[in-house]
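K.L.:
structure of the sequence below:
(2 chains)
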Amino acid sequence: MNPYAYIREQVIAMAGAMADEGVLPAGMDFANLAVEAPRDPSHGDVATNAALVLTKQAKMKPRDIAAPLAERLAGLEVVEAADIAGPGFINLRLSDDFWRARLGDVLRAGTAYGDSRIAAGEKINVEYVSANPTGPLHIGHVRGAVYGDALANLLAKVGHDVCKEYYINDAGAQVDVLARSVHLRYREALSDLGDEAVGEIPEGMYPGDYLIPVGQAMAKRDGDKWLDLDEAQWLGEFRRFSVDAMMDLVRADLASLGIEQEVFFSEESLHRDGGIDSALAALQDKGLIYTGVLEPPKGKTPEDWEPRPQTLFKSSQFGDDVDRPLRKSDGAWTYFAADIAYHHDKVERGFKQMVDVWGADHGGYIKRMNAAVRALSNDQGRLDVRLCQMVRLLRGGEVVRMSKRAGNFITLRELVDEVGRDVVRFMMLTRKNDAPLDFDFELAMEQSKDNPVFYVQYAHARIHSVLRRVADEMPDLAVDMETLREADLSGLTDSAELDLIKQMATWPRAVEIAAQAREPHRIAFYLNELASAFHALWNKGNAEPKLRFIMAEDGGMTQARLALIQGVALVLASGLAIMGVEPVEKM
RNA sequence: GCGCCCGUAGCUCAGCUGGAUAGAGCACUGGAUUUCUAAUCCAGAUGUCGCAGGUUCGAGUCCUGCCGGGCGCGCCA
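P.N.:
Numbers count the residues shown, from 1 in each chain, chains lettered A, B, ... in the order given. Model prediction:
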């Protein structure tokens, strides 16, 4: 049971009853009525703004509504006290028994505790990473990868039917460059001279060593059949072969972070199979495509600007600043045209809700994509573009400088190899996605409470340490899950113990809030607080031996305490699962 | 010039979509260790929430205008 949702139901039911009796007017709207834990715990366990929200509709003073409502609430068995405070808040203190029963909820649900049905069965598409298939993933891709993956988990937790997707930009000129670079490595592989064969990699080619095995693989598969042909004859095959190889690389990089997407959608397939034609035909039918001339962009006119009639999409009709071109001057489709077709395909696949995770430098594209989705879906679909800000790498307080030209970009794989998957994932989720993030190598590896990854995992490991220990110290005591679920919890009376339960009871709500805001970082903050409450109780046991989890002379108390910390472990584990971090049992 | 994001304690940041006296951590000071892993905990201070208006019972949160920082601004992806 979600205690806040439960109390809210009660409040609404009572307000309804008051309406029936004529104390309040009939037919009031309760949408804004909130029941939450007050910021200040001294105000009680839960608070409601009911009287304040209803004051206008009822045309009554807040306190005149609050008084009779509080009186009724006080009559509930679980309510110990109902006070009116401030401008008209009703503060409730709930019985300890009520809270102890919430621990039972946690133990019965297991890691499914916090699962919600607010989005039950709603299909949603989450597209993330979508890096160009021209090389391994690097540091710039990591945050979006982790954010997108955690968001997908979070959305699934609240009931969404989530499709995790990657858009392969395999149609642009960068793929020609890739194919030529691989052809170079192919020639190199067939030459007796080895690396010497191609010498310096020419300007405008990809110099990375990761293409050497790709060239070798091609040489092994096809021998010298492409060696003396014109580019036009080998380019297509080299494009396909190279993109496949790069996507294998990308998938392996993602796997090292524990990311596995279900759909890999090829941009090239849109060009090949008529996807662009059909998407634009759909827009054409709606009268949203025309030929026109755009104004030059203000403030930064390109030198070679010349007004030119273009094929344009009326994105300005859907909130964009100007209409956007669909064809390049050479007649080829723009990237935007392909992207329209891609989202058209998503709409056709039945997605009304779509999330795209992009780098902050693509912010300028949001309006036109939103416009396109609205147009393609007859305003039924909704695209939510989430931007991830830059990650700054620090080593010992110094910013790690990287440049693409110098080729010293830190790859995703290097990062994971150095600090580990769990650290990377957790750290990337310790900030709001649209705020810049500093990633400090030294802090990431530090084993102290300053390191949030460690702090949370340590709490989980500590709990399992106790569970291992009790097996040694009290071998005859039953501590399996089934037993703990039925344990008598009435011995849990200390404020630190009840605080821990109350903290756990906010988990389902924390999940829903994070999911609605699409902000998985909130999960990281929640886990930090829960871990903190647990560490506090642990230390209280050092000062007061009566509060220790293992009470060798009192099996019943030990079971109650173990039930408590097992509950904490379950909530920590279910939160870490959303983040994609392993809940370690031993450190 | 235009658009988007950001501005909260000395530093790094939360702030539950409008609630009560705006919170953590770091740093600083003092304290707890024959431990269920002290890898931790407890106690102590600080704020014109960038500025100015507006909306209302109530604004860090919503609206408008400024100021400051970041990103972007036909045909690259």
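K.L.:
pLDDT of stretch A:81-92, averaged?
P.N.:
Mean per-residue pLDDT for stretch A:81-92: 89.
K.L.:
what do you get for stretch A:526-544?
P.N.:
Rounded mean pLDDT across stretch A:526-544 is 91.
K.L.:
now that stretch: buried residues?
P.N.:
The neighbour-count check on stretch A:526-544 (16 or more other C-beta atoms under 10 Å) flags A:526-528, A:530-531, A:533-534, A:537-538, A:540-541 as buried. To be clear about C-beta, it is placed using only N, CA and C from the backbone, and glycine gets the same treatment.
K.L.:
cool, stretch A:205-217 as well?
P.N.:
A:205-206, A:208, A:211-212, A:214-215, A:217.
K.L.:
tell me, which of these make contact with RNA strand B?
P.N.:
When C-beta under 7 Å from any atom of the strand is applied, no member of the buried residues of stretch A:205-217 is adjacent to RNA strand B.
K.L.:
SS state for residue A:90?
P.N.:
strand (DSSP: H, G, I helix; E, B strand; the rest coil).
K.L.:
for it, give its distance to residue A:81.
P.N.:
11 Å (C-beta to C-beta, to the nearest Å).
K.L.:
mind checking which of those two has more residues around it?
P.N.:
More crowded of residue A:90 and residue A:81, by other C-beta atoms under 10 Å: residue A:90, with 27 against 14.
K.L.:
for the more buried one, what are its contacts?
P.N.:
A:47-48, A:50-51, A:66, A:69-70, A:73, A:82-84 (C-beta atoms under 8 Å, 6 or more residues apart in numbering).
K.L.:
got phi/psi on the residue most central in space within chain A?
P.N.:
For chain A, the residue nearest the mean C-alpha position is residue A:151 (2.1 Å; C-alpha atoms, centre = their mean). As for residue A:151, its main-chain torsions (degrees, to the nearest 10) stand at phi -60, psi -40.
K.L.:
my guess is it meets residue A:356, correct?
P.N.:
No. Using C-beta atoms under 8 Å as the test, residue A:151 is too far from residue A:356 to be in contact (11.1 Å).
K.L.:
residues bridging contact with these two, i.e. touching both?
P.N.:
With C-beta under 8 Å, 6+ apart as the test, residue A:151 and residue A:356 both reach A:128, A:386.
K.L.:
near RNA strand B, which residues of the stretch 451-587 of chain A show up?
P.N.:
A:454-455, A:458, A:461-462, A:465-466, A:469, A:509, A:513, A:516-517, A:519, A:521-522, A:525, A:532, A:535-536, A:538-543, A:547-550, A:586-587.
K.L.:
PyMOL command for the buried members of those residues?
P.N.:
Selection command for PyMOL covering only the buried members of those, criterion 16+ other C-beta under 10 Å:
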select buried, chain A and resi 454+455+458+461+462+466+509+519+521+522+538+540+541+547+548+549+550
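K.L.:
which residues touch stretch A:322-342?
P.N.:
With C-beta under 8 Å, 6+ apart, stretch A:322-342 has contacts from A:167, A:169, A:171-172, A:265, A:267, A:270-271, A:275-276, A:278-280, A:283, A:289, A:292, A:294-295, A:308, A:310-316, A:365, A:368-369, A:372, A:376.
K.L.:
which ones are touching the residue nearest to residue A:74 when sequence neighbours are not counted?
P.N.:
Closest residue to residue A:74 apart from its sequence neighbours, by C-beta to C-beta, 6 or more residues apart in numbering: residue A:82 at 4.1 Å. Residues near residue A:82 by C-beta under 8 Å, 6+ apart: A:70-71, A:73-74, A:90-93.
K.L.:
what about residue A:82, which SS state?
P.N.:
strand.
K.L.:
gap between it and residue A:28?
P.N.:
20 Å.
K.L.:
which residues does the residue nearest to residue A:419 when sequence neighbours are not counted contact?
P.N.:
Spatial nearest neighbour of residue A:419, chain neighbours left out: residue A:444 (4.7 Å); criterion: C-beta to C-beta, 6+ apart. The contact partners of residue A:444, by C-beta under 8 Å, 6+ apart, come to A:419, A:423-424, A:427, A:451, A:453.
K.L.:
residues contacting the nearest residue to the residue nearest to the centre of chain A once chain neighbours are set aside?
P.N.:
In this structure, residue A:151 finds its nearest non-sequential neighbour in residue A:520, 5.4 Å apart by C-beta to C-beta, 6+ apart. With contacts defined as C-beta under 8 Å, 6+ apart, residue A:520 is in contact with A:147, A:150-151, A:153-154, A:429, A:514, A:578-579.
K.L.:
looking at those residues, which are in helices?
P.N.:
Taking DSSP state H as the definition of helices, those contribute A:147, A:150-151, A:153-154, A:514, A:578-579.
K.L.:
between these, which has the most around it?
P.N.:
That'd be residue A:150 among the ones in helices among the contacts of residue A:520, by other C-beta under 10 Å, with 28 neighbours.
K.L.:
surely that residue is in contact with residue A:579?
P.N.:
Yes. Counting by C-beta under 8 Å, residue A:150 does reach residue A:579; the two are 5.3 Å apart.
K.L.:
and for these two, which residues touch both?
P.N.:
A:425, A:429, A:520, A:523.
K.L.:
wait, the second one touches residue A:521, no?
P.N.:
By that I understand residue A:429. Yes. Using C-beta under 8 Å, residue A:429 makes contact with residue A:521 at a distance of 5.1 Å.
K.L.:
re earlier: and the contacts of residue A:444, which two are furthest apart?
P.N.:
Every pair in the contacts of residue A:444 was compared (C-beta to C-beta); the two farthest apart turn out to be A:424 and A:451, at 12.8 Å.
K.L.:
compare neighbour counts for these two and give me the winner.
P.N.:
residue A:424 (26 against 20).
K.L.:
could you confirm the more buried one falls within a strand?
P.N.:
No. Residue A:424 is assigned helix when assessed by three-state DSSP, not a strand.
K.L.:
in contact with it, which residues?
P.N.:
A:142, A:146, A:257, A:415-416, A:444.
K.L.:
for the stretch 101-250 of chain A, which residue gets nearest to RNA strand B?
P.N.:
residue A:172 (2.4 Å; C-beta to the nearest atom of the strand).
K.L.:
please name the nearest non-neighbouring residue to that residue.
P.N.:
Nearest residue to residue A:172, sequence neighbours excluded (C-beta to C-beta, 6+ apart): residue A:335, at 6.9 Å.
K.L.:
what does residue A:369 give?
P.N.:
residue A:383 (6.0 Å).
K.L.:
now that neighbour: which helix or strand?
P.N.:
strand A:382-388 (DSSP states H and E).
K.L.:
mind giving me the packing neighbours of whatever helix or strand comes next after that strand?
P.N.:
Downstream of strand A:382-388, the next assigned helix or strand under DSSP H and E is strand A:391-395. Helices and strands touching strand A:391-395, as assessed by 3 or more C-beta pairs under 8 Å, 6 or more residues apart in numbering; DSSP states H and E, comprise helix A:139-157, strand A:437-440, helix A:441-445.
K.L.:
restricted to helices, list the buried residues of stretch A:205-217.
P.N.:
Members of these lying in helices (criterion: DSSP H): A:212, A:214-215, A:217.
K.L.:
dump the residues you listed to a markdown table, plus pLDDT.
P.N.:
Listed next are those as a markdown table, based on pLDDT from 0 to 100:
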| residue | pLDDT |
| --- | --- |
| A:212 | 94 |
| A:214 | 97 |
| A:215 | 96 |
| A:217 | 97 |
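K.L.:
thank you, goodbye.
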